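Engineer: would you be able to build a 3D model of this:
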Amino acid sequence: MIPPTEAQFRQQIIELAHWGRWKAYCVFEQASYARRSSKGFPDLVLARRNQDGRTRVLIVELKSEKGKMSLEQLEWQVLFTACPGVEYFLWKPSDFEEIEIILQREMG
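Structural biologist: Numbering: from 1, shown residues only. Below you'll find the predicted structure:
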């Protein structure tokens, strides 16, 4: 089986997130959109209010199986992982089962 491209993978994640009641913001790769965001900014911001009233915020960088993070992406990762209450993830297609669990899980 041919692994999905990063764009196909992104679409799968967005569809799964919407199914799980997440609000999703996606940074598009087209040049006209990419110029509007800071270089290296993560691909997705997901947010959802859980049944207990608390909100989860996920910051997600998506990569193909062989994709590597740029220096700018690593800098954003450092900033977001240090931010209390924000969950940062680097997801690849091989992580899909774990992604499904994370997007279905309520806050613990």
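
Engineer: for this structure, what spans make up the strands?
Structural biologist: For the chain, the strands defined by DSSP state E occupy 23-26, 44-49, 55-62, 86-91.

Engineer: what does the longest one contact?
Structural biologist: Contacts with strand 55-62, where a contact means C-beta atoms under 8 Å, 6 or more residues apart in numbering, come from 6, 9-10, 13, 22, 42-50, 69, 73, 76-77, 80, 85-92, 102, 107. (C-beta placed from N, C-alpha, C; glycine too.)

Engineer: any idea how far it is from the chain center?
Structural biologist: Put simply, strand 55-62 sits 5 Å off its chain's centre (C-alpha atoms, centre = their mean, to the nearest Å).

Engineer: strands paired with it, and their directions?
Structural biologist: Using DSSP bridges, the strands paired with strand 55-62 are strand 44-49 (antiparallel), strand 86-91 (parallel).

Engineer: and stretch 86-103, C-alpha only, in PDB?
Structural biologist: What follows is stretch 86-103, C-alpha atoms only, in PDB (Å, rounded to 0.1, in the frame of the first residue of the first chain):
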ATOM      1  CA  VAL A  86      -1.300  23.000  25.100                       C
ATOM      2  CA  GLU A  87      -0.700  19.600  23.700                       C
ATOM      3  CA  TYR A  88       1.900  19.500  20.900                       C
ATOM      4  CA  PHE A  89       2.100  16.500  18.500                       C
ATOM      5  CA  LEU A  90       4.200  15.500  15.500                       C
ATOM      6  CA  TRP A  91       2.100  13.000  13.500                       C
ATOM      7  CA  LYS A  92       3.000  10.700  10.600                       C
ATOM      8  CA  PRO A  93       0.700   8.300   8.800                       C
ATOM      9  CA  SER A  94       2.000   5.400  10.800                       C
ATOM     10  CA  ASP A  95       0.700   7.100  13.900                       C
ATOM     11  CA  PHE A  96      -2.900   6.900  12.700                       C
ATOM     12  CA  GLU A  97      -4.200   4.500  15.300                       C
ATOM     13  CA  GLU A  98      -2.800   6.600  18.100                       C
ATOM     14  CA  ILE A  99      -4.200   9.700  16.400                       C
ATOM     15  CA  GLU A 100      -7.700   8.200  16.400                       C
ATOM     16  CA  ILE A 101      -7.400   7.500  20.200                       C
ATOM     17  CA  ILE A 102      -6.100  11.000  21.000                       C
ATOM     18  CA  LEU A 103      -8.900  12.700  19.000                       C
END
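
Engineer: I appreciate the help and will end here.
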